[in-house]
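In: With the input below, show me the fold.
(2 chains)
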Number of protein chains: 2
Amino acid sequence: MQKYNIVLIGAGNVATQLGLALKRANHKIIQVYSKHNPSAIELAKKLKSPFTTSLDEIISDADIYIISVKDDAIANVANHIRLNDKIIIHTSGSVAVDSIKSCSKNYGVFYPLQTFSKNKKADFKKVPICLEANNKKTFKILETLAKSISNNIHKINSQQRINIHIAAVFACNFTNHFYVIADDILKSNKLSLDLIKPLIAETAEKIKNNSPIEMQTGPAIRGDKKTMDKHLKMITNKKYKQLYKLVSKSIEEKG
Amino acid sequence: MQKYNIVLIGAGNVATQLGLALKRANHKIIQVYSKHNPSAIELAKKLKSPFTTSLDEIISDADIYIISVKDDAIANVANHIRLNDKIIIHTSGSVAVDSIKSCSKNYGVFYPLQTFSKNKKADFKKVPICLEANNKKTFKILETLAKSISNNIHKINSQQRINIHIAAVFACNFTNHFYVIADDILKSNKLSLDLIKPLIAETAEKIKNNSPIEMQTGPAIRGDKKTMDKHLKMITNKKYKQLYKLVSKSIEEKG
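Out: Predicted coordinates for the structure are as follows:
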């Protein structure tokens, strides 16, 4: 399979795990950029690649440039570099493909749909990768790159992608926050989150082969007002109380 | 191990899966009660046991009576039956143990901390079972019963139990509702929930060995207002918009 020389712009969770996966697939990360010196050094060390903290020093002879920085910073990076016809892509769920068109004639999006942490090795094989490009030739190359690390490739336009990202925020970021709240409530009662870990695992497991709406359980879907009132009386944290009310109402309306 | 003769009062998700697990462990379900004839028949068939739809016909010579009905109905059932010194227990997370003390001198709670569906076989071995009883002798018997189906037994008082239930509502019922919302958003864009199933699985997987607060990702924890505003503009459903705002705010405050 084709191997590419890649410049990685960014050193956060996505850049780190994507860089490591690309390296494992024998692509060459020929430079890492981060405006923060320690982050640049840390990732460059992991990838055994040179690094820079200045956009002006980004080298010009790579095959593919991957921008994997905060959404707000993508346009700024794109306005700073000129690559003629080299391929440039970003990895964001919520930024339109056009936002980096000033960089090059060949641009696209390479959005790995997963939650990453710097220090937890990500198994990319099953990670859905959402691809978009401004022309067929670029798309083909992105497809080759994506296939070298994952078996789960999708052609997704910018409008679909932002909706996928919103769905992901609900199903991942927001559910994790509810784990945080559960942990907090248990700790306040000298209990451990371990107690409900089987429940958390089963809740996620159930929807692998069932529609989530059919799997809904709990007081709200049963219309069990007495239990909900009892819970609301027990919850002392104002924000948790508000959340309990609003989510329960939303469940009742869907049910 | 000691085998018991059991009367099962209720025929919902918990009653069904608990009844099946007890039967697999060679206890004898000698009667099933449900006020709904079809539910009583359905569960009695699964358990190969007699059934009744009248509380007055509940037989008096079982060892253990399990009340597994809606929380609101537990007190009503308890007021209807008198069992002297037979053991009576309920399976609810949010109902105090005292609420069934009118039934018998020996009463308790047997709360299996899991999400159950009538038609999805539950593997009880790892299900945490929270036990409480009004005396030591009853507790011992409940412990024997619990150990016959699970390796994960906990002594939990009524105050702790309601807090566990609240935590479970957040970590299970509310997260499942967010899977429902994600599914809805994806379907509206002609996309499948399959796309984010690896993400859902990883989100639940991550917290097995990490504190959820450290695993928080997404625009809210990054303080990425631009992305959040973009998402809010795209979300047309009013309730989803409200939820997005409130949960994001709660994440920002915790972060």
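In: From here on, just use CA atoms for contacts and neighbour counts.
Out: Noted.
In: pLDDT score for residue A:255?
Out: With respect to pLDDT, residue A:255 has a value of 67.
In: The longest helix along chain A near chain B anywhere?
Out: With DSSP state H setting the assignment, residue counts place helix A:238-254 as the longest helix in chain A. Yes - with C-alpha under 8 Å from any C-alpha of the partner chain as the criterion, chain B is reached by helix A:238-254 at A:239, A:243, A:244, A:246, A:247, A:248, A:250, A:251.
In: Any of those residues buried? List them.
Out: For these, a burial check counting by 16 or more other C-alpha atoms under 10 Å in any protein chain shown picks out A:243, A:244, A:246, A:247, A:248, A:250, A:251.
In: Contacts only, for the first one.
Out: Contacts of residue A:243 were listed using C-alpha atoms under 8 Å, 6 or more residues apart in numbering or on different chains, and they are B:243, B:246, B:247.
In: quick one: is stretch A:80-100 near chain B?
Out: Yes - interface with chain B: stretch A:80-100 contributes residue A:94 (C-alpha under 8 Å from any C-alpha).
In: what is the rounded mean pLDDT of that stretch?
Out: Mean per-residue pLDDT for stretch A:80-100: 94.
In: and it, how far apart are its ends?
Out: 10 Å (C-alpha to C-alpha, to the nearest Å).
In: Quick check: closest non-adjacent residue to the residue in the stretch 1-150 of chain A that chain B sits nearest to.
Out: Per C-alpha to the nearest C-alpha, residue A:114 is where the stretch 1-150 of chain A lies closest to chain B, at 5.0 Å. Leaving out its chain neighbours, the residue that sits closest to residue A:114 by C-alpha to C-alpha, 6 or more residues apart in numbering or on different chains is residue B:199, at 5.0 Å.
In: and the lengthiest strand in chain A, is it in reach of chain B?
Out: If you go by DSSP state E, chain A has its longest strand at strand A:104-112. No - remark: strand A:104-112 sits outside contact range of chain B, by C-alpha under 8 Å from any C-alpha, the gap being at least 10.1 Å.
In: Which strands border that strand, and is each parallel or antiparallel?
Out: When pairs are called by DSSP bridges, strand A:104-112 turns out to pair with strand A:84-90 (parallel), strand A:129-133 (antiparallel).
In: Now do the last one, average pLDDT.
Out: So that's strand A:129-133. For strand A:129-133, the mean per-residue pLDDT is 98.
In: so after it, what's the next helix or strand?
Out: Where DSSP states H and E defines the elements, the next helix or strand beyond strand A:129-133 is helix A:136-147.
In: For residue A:220, the count of nearby residues, please.
Out: Around residue A:220 there are 24 other residues, counting by other C-alpha atoms under 10 Å in any protein chain shown.
In: Model confidence score at the residue of chain A most remote from its centre, please.
Out: Of all residues in chain A, residue A:226 has its C-alpha farthest from the mean position, at 39.1 Å, by C-alpha atoms, centre = their mean. Note for residue A:226: predicted pLDDT of 89.
In: check contacts around it.
Out: B:71, B:72.
In: in what helix or strand does it lie?
Out: helix A:225-234.
In: what's the angle between the longest strand of chain A and helix A:136-147?
Out: Orientation check (axes from the mean of the first three to the mean of the last three C-alpha atoms, to 10 degrees): strand A:104-112 against helix A:136-147 gives 30 degrees.
In: Show me the contact partners of strand A:104-112.
Out: Strand A:104-112 is contacted by residues A:82-93, A:97, A:100-101, A:127-135, A:138-139, A:142, A:146 when judged by C-alpha under 8 Å, 6+ apart.
In: hmm, 7 Å instead?
Out: Strand A:104-112 is contacted from outside by A:82-93, A:97, A:101, A:127-134, A:138, using C-alpha atoms under 7 Å, 6 or more residues apart in numbering or on different chains.
In: Need the buried ones among the residues of helix A:238-254 next to chain B in JSON lines (columns: pLDDT and distance to residue B:186).
Out: Shown next, in JSON lines, are those (pLDDT from 0 to 100; distance: C-alpha to C-alpha, whole Å):
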{"residue": "A:243", "pLDDT": "97", "distance to residue B:186": "23"}
{"residue": "A:244", "pLDDT": "98", "distance to residue B:186": "24"}
{"residue": "A:246", "pLDDT": "97", "distance to residue B:186": "22"}
{"residue": "A:247", "pLDDT": "98", "distance to residue B:186": "19"}
{"residue": "A:248", "pLDDT": "98", "distance to residue B:186": "22"}
{"residue": "A:250", "pLDDT": "97", "distance to residue B:186": "18"}
{"residue": "A:251", "pLDDT": "97", "distance to residue B:186": "18"}
